[in-house]
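> Sequence below, structure please.
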Amino acid sequence: MIWKSGPRRTFAAVAGGVLVATAAGCSGDDPPDATPVAEQLAQAVASGDFAGVPLGDASAEDATAAVASMVEGTGEATTRTVTVAGLEQTDDENTREVTLDVGWDLDGSGAQTPAATPAPTDTETPTAAPTSTPTASATPDTPDWTYQTTATLRRAEDTEAGWTVDWSPALLHPQLTEGATLDLSRTAAQRADILGAGGEVIVTERPVYRVGIDKTRVDATLAPTSATALAEVVGVDPAGLAARVEDAGERAFVDAITLRESDAAPLLAQIEAIEGAVAIEDTLALAPTRDFARPILGTVGDATAELVEESGGRVVAGDVVGLSGLQAEYDEQLGGTPGLVVELVPPEPSAEPTGTSTATPAAEEPEPAEPEVLFEREALAGTPLTTTLDIDLQSSAEAILADVAPASAIVAIQPSTGAVLAAASGPGGEGYSTATLGQYPPGSTFKVVTSLALLRAGLTAESVVPCTSTVDVDGRAFENYDDYPSGAIGDITLREAVANSCNTAFISQNTVADQASLAQAAASLGLGVEQQAGTPAFFGAVPAEAEGTSHAASMIGQGDVLASPLAMATVAASVAAGHTVAATLVEPAAAAPESTLTADEAAVLQDLMRAVVEDGSGAFLGGVPGDPVGAKTGTAEYVDDDGEIRTHAWMIATQGDLAVAVFVEDGESGSRTAGPLLEAFLGGT
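Residues are numbered from 1 along each chain as shown. I've put the predicted structure just below:
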C-alpha cells in the first residue's frame, strides 16, 4: 500500500469503510476547533487504535494495522503516553500543525498508560520544533524514551469533526517511513552479589555448564534416544527430557540441567560421547556450595512464563531471575536494570537491474540499509544484598546437620546486634527453611518464658514450688518426662525446677501466671510478635487467652504455643542481651523494638539458664571451652500421621555474645538428640 502525504487537492474521508474522494471545500465561516481531533489523534498514537480518527487518506483499519506492524518488534510490554504539546495554524488557514509529545515505557517499569491528556486549544501560538532526541528516564514513573512528532490537520467541511488527519508512519516517530519498523533489544545487567557478615561474598557469578541436547547436531529421529542417555548421565528424568526434546523445534537447544563446574568435570567425557549432547560454559549466581543456606538464599534461573507475566514487562523470556528465597524476594535490587536499544529498521530494499549489456541484465541484491539507533540506555548493574550470615558458622551448622534424617535446624544470633549469624536447615526438611519458617511447639525451652511470667507475678529463683510425679488440671493428668530424676521430686526451688525441667512444678503455677501474662512475657523475649528480619520468618504464636488444660499446656510450651528455631534463638538472645532483641538477617537492621525486658529480669533468667548446665539436664555442656554456657532443654509431644505420639527435640543456649537454638523434628529428647548437635556447634565456634 502506498501512503500519500504532503499538499494535495483531494482528501479521503472514511465512509462505510470505503475511501471516498471529496473536494476540500472552503467557507467563509470560521473553522471549527481542531482540538478534539488533536486529542483523538494523541489517543490513537498512544494506543495504536485509529478507530474514530478522521483520516484523510487511509482507513482506520489500515492505519491500525500499520502501527501494529511498526511496533511488533518492541514487545507486548511496551506502552506509550502521548500528549498534545501544541496546535498551531500554518500559512494556510485551512490546515493546522499538531505537535505530539511521545513517551515510551520500554521495560514495564513506568506508571504511564496509553492515553492522551487534554490538549491546548486551537490557537496560533507557535510550538517547539519536533525532535527525536533520546532521553533516559530519571525515575520509574517517567517514560524511558521521549521525543516529539508532528501531524497535519486539514479542513474538511464534509466530515463531522470538520478536520481530517494526514496519515503517515511519521505520526508514530518522525523518522518512520513506509515499511520501516521499530525494534527493541535488551542487554542483561550484571547480577549483584549476596554478601555475608563483614561484606564477605556469599553468592557471586561462578562457572557452570549448561548441559542439554542440541538438535542441530543429531538426527531428529535419534534425538530422543540421545536425550534418554544424557538424562541417565546427569541424573534427570529420562522420559521427561526425551519428550521435551521430541517436542522442540528442529534447531532447538533443550536444557537438561545446569551443573557447577566441579560437578560437571567428571561427566564431560560421557556427555561428549552422546550424539547431540553438549555442555556449554556459562556463569550463574551461586553460593560457595550447592546446599549453603539454600532455603534462605534461594536460586536463580531462566524466568518462567508465570514470572514474565507477573512482572508487567520488567522480566522477559530468556532473563535470568531469582526463582526462590532472597534471590526472588530482592530480584529487582540484585538483577539491576537491563540495557535497552531502540532501532529504526529500514524497509527491505528491492533488487533493480544493473549493467549495460544488451543481454538480460542480472539483478544484483542491494545491500540492506543499516538500522539506526534512536534510543539507548546502558545496563545498570544490580546492587549487592548484605546479609548477616557468617560463612564459617553457617557452614559449621550445615555440616553438623548433614547426617540428621528428620527435619532439623540450627540458628545462631549475636545478642548485642540481633544479627542472625547462622540459619541452617538440615536435609530432612527437603529444601524447606525449617530454621526460619518452621512452626512447632517449643516444649520445655518455653519454660524460660514461663519463668519470666512467674518472676513478674512475684516469684524469685529461690521460691519453692511443688514438683510432683503428676499434677491434675480439670481432670487431665500431666506428668514429667520419662527419665526425670527421682531425686528432684518434692518441694524444690524455681531454679531447680528450671535446671531439671520439672513439668509439674510449672503447671502447678498455672493460677499464678495467667495466659495473658505468658503472652506478654513471650513478647518481652521477642516471641509471638512480628519482626522485620528482612526475609519471611515465623517468630512464634502465643495465645493471649486460654484456660484450664489449654493454659496448663501453655505453661510448658505445648498446646497452642508455636515457635520456629529462629524465634527460640531470639528468646535466648534477649536473655543474653538483657533487652528485647530484634533478629535481623538482611541489612540494614530494622529498628529495634522498645524493650519490655528489664536488666534485672534478664539477670535472673541468665542465672536460671546457667543452672541447667551447672546442676541439671544440660550438664554435658559444662566442658565446652570458652565463656560459661547457659541452656534449656526441650521435648515437645506431637501426634504423627499414623496417630502415634512422637517428640520434637529442642535446646537453646547462650555463650558470650552468641545465642543458639537447635531443633530436630523427631527425636528422643532435647538433651539426647538436640544436645549433642548443640555441643558440637558450640565446641566448633
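> The stretch 551-685 of the chain: helices as residue ranges?
Taking DSSP state H, counting those that start in this stretch as the test, the helices found in the stretch 551-685 of the chain are 565-577, 599-615, 675-684.
> Please apply the same query to the stretch 251-400 of the chain.
Per DSSP H, counting those that start in this stretch, the stretch 251-400 of the chain carries helices over the ranges 261-264, 268-272, 294-297, 305-310, 325-329, 331-335, 391-401.
> In TSV, list these along with mean pLDDT.
As requested, the helices of the stretch 251-400 of the chain are exported to TSV (pLDDT from 0 to 100):
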stretch	mean pLDDT
helix 261-264	95
helix 268-272	97
helix 294-297	97
helix 305-310	89
helix 325-329	96
helix 331-335	96
helix 391-401	98
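> how about the ones you listed in TSV, adding distance to residue 548 and mean neighbour count?
To be clear about C-beta, it is placed using only N, CA and C from the backbone, and glycine gets the same treatment. Converted to TSV, those look like this (distance: least, Cβ to Cβ, whole Å; neighbours: other Cβ atoms under 10 Å):
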stretch	distance to residue 548	mean neighbour count
helix 261-264	57	15
helix 268-272	66	13
helix 294-297	38	22
helix 305-310	47	12
helix 325-329	42	20
helix 331-335	49	21
helix 391-401	38	21
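> Out of those, the one nearest residue 526 is which?
Closest to residue 526 of the helices of the stretch 251-400 of the chain, according to Cβ to Cβ: helix 294-297, at 19.1 Å.
> Alpha carbons of stretch 170-185, as PDB, please.
What follows is stretch 170-185 as a C-alpha-only set of coordinates in PDB (Å, rounded to 0.1, in the frame of the first residue of the first chain):
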ATOM      1  CA  ALA A 170       5.800   9.600  10.900                       C
ATOM      2  CA  LEU A 171       2.800  10.100  13.200                       C
ATOM      3  CA  LEU A 172       4.400   7.500  15.400                       C
ATOM      4  CA  HIS A 173       8.000   8.700  15.000                       C
ATOM      5  CA  PRO A 174       9.300  11.500  12.700                       C
ATOM      6  CA  GLN A 175      11.900   9.200  11.100                       C
ATOM      7  CA  LEU A 176       9.500   6.300  10.300                       C
ATOM      8  CA  THR A 177       8.600   5.700   6.600                       C
ATOM      9  CA  GLU A 178       6.500   3.100   4.800                       C
ATOM     10  CA  GLY A 179       7.900  -0.400   5.600                       C
ATOM     11  CA  ALA A 180      10.200   0.700   8.300                       C
ATOM     12  CA  THR A 181       9.800  -0.700  11.800                       C
ATOM     13  CA  LEU A 182      11.000  -0.200  15.400                       C
ATOM     14  CA  ASP A 183      13.000  -2.900  17.100                       C
ATOM     15  CA  LEU A 184      13.700  -3.100  20.900                       C
ATOM     16  CA  SER A 185      16.600  -5.200  22.200                       C
END
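> pLDDT (mean, whole number) over it?
With pLDDT averaged residue by residue, stretch 170-185 scores 96.
> quick revisit: from the helices of the stretch 551-685 of the chain, which stretch is densest packed?
Greatest average neighbour count among the helices of the stretch 551-685 of the chain goes to helix 565-577 (a mean of 30), per mean count of other Cβ atoms under 10 Å.
> could you give the angle of that one to helix 599-615?
On the basis of axes from the mean of the first three to the mean of the last three Cα atoms, to 10 degrees, helix 565-577 is oriented at 110 degrees to helix 599-615.
> How far does helix 565-577 sit from its chain's centre?
In terms of Cα atoms, centre = their mean, to the nearest Å, the centre of helix 565-577 is set 28 Å apart from its chain centre.
> what helices or strands is it leaning on?
Contacting helix 565-577 under the criterion 3 or more Cβ pairs under 8 Å, 6 or more residues apart in numbering; DSSP states H and E are the following elements: strand 408-414, strand 419-425, helix 434-437, helix 447-456, helix 599-615, strand 629-639, strand 645-655, strand 659-664.
> Now mean pLDDT and distance to residue 525 too, for the ones you listed, in a markdown table please.
Converted to a markdown table, the helices and strands packed on helix 565-577 look like this (pLDDT from 0 to 100; distance: least, Cβ to Cβ, whole Å):
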| stretch | mean pLDDT | distance to residue 525 |
| --- | --- | --- |
| strand 408-414 | 98 | 12 |
| strand 419-425 | 98 | 16 |
| helix 434-437 | 98 | 18 |
| helix 447-456 | 98 | 6 |
| helix 599-615 | 97 | 8 |
| strand 629-639 | 95 | 12 |
| strand 645-655 | 97 | 11 |
| strand 659-664 | 98 | 11 |
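> Which of those sits closest to residue 309?
helix 434-437 (26.4 Å).
> Sketch out the low-pLDDT regions of the stretch 451-600 of the chain for me.
By pLDDT under 70, the stretch 451-600 of the chain contains no weakly predicted segment.
> Show me where it has its strands.
464-467, 470-473, 476-479, 490-493 (DSSP state E, counting those that start in this stretch).
> Could you spell out the sheet neighbours of the first one, each with its direction?
The pairing partners recorded for strand 464-467 under DSSP bridges are strand 490-493 (antiparallel).
> follow-up on the earlier one: tabulate the helices of the stretch 551-685 of the chain (TSV), appending distance to residue 628.
As requested, the helices of the stretch 551-685 of the chain are arranged in TSV below (distance: least, Cβ to Cβ, whole Å):
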stretch	distance to residue 628
helix 565-577	11
helix 599-615	6
helix 675-684	11
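> for the ones you listed, which one sits closest to residue 368?
Residue 368 lies closest to helix 565-577 among the helices of the stretch 551-685 of the chain, at 61.0 Å (Cβ to Cβ).
> end to end, how far does stretch 504-513 reach?
14 Å (Cα to Cα, to the nearest Å).
> Just the buried positions in it, please.
By 16 or more other Cβ atoms under 10 Å, the buried positions in stretch 504-513 come out as 504, 505, 506, 507, 508, 509, 510, 512, 513.
> Looking at the record's assignment, how would you partition the chain?
10-179, 391-684 (automatic domain parsing).
> Can you name the residues bridging to residue 493?
Following DSSP bridges, residue 493 is listed with bridge partners residue 464.
> CA atoms only for stretch 216-226, dumped as CSV, please.
C-alpha atoms of stretch 216-226 as CSV (Å, rounded to 0.1, in the frame of the first residue of the first chain):
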residue,chain,number,x,y,z
THR,A,216,21.2,-29.3,15.1
ARG,A,217,23.9,-31.9,16.0
VAL,A,218,21.8,-35.0,15.9
ASP,A,219,19.3,-36.6,13.5
ALA,A,220,15.8,-35.8,14.6
THR,A,221,14.9,-39.5,14.9
LEU,A,222,17.8,-40.2,17.2
ALA,A,223,17.4,-37.1,19.4
PRO,A,224,15.0,-38.7,22.0
THR,A,225,17.5,-41.6,22.3
SER,A,226,20.3,-39.2,23.0
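> Distance from it to the middle of the chain?
How far stretch 216-226 lies from its chain's middle: 37 Å, per Cα atoms, centre = their mean.
> Please apply the same query to stretch 279-290.
Counting by Cα atoms, centre = their mean, stretch 279-290 comes out at 20 Å from the chain centroid.
> buried ones in stretch 86-95?
The neighbour-count check on stretch 86-95 (16+ other Cβ under 10 Å) flags 86, 87, 88, 89, 94, 95 as buried.
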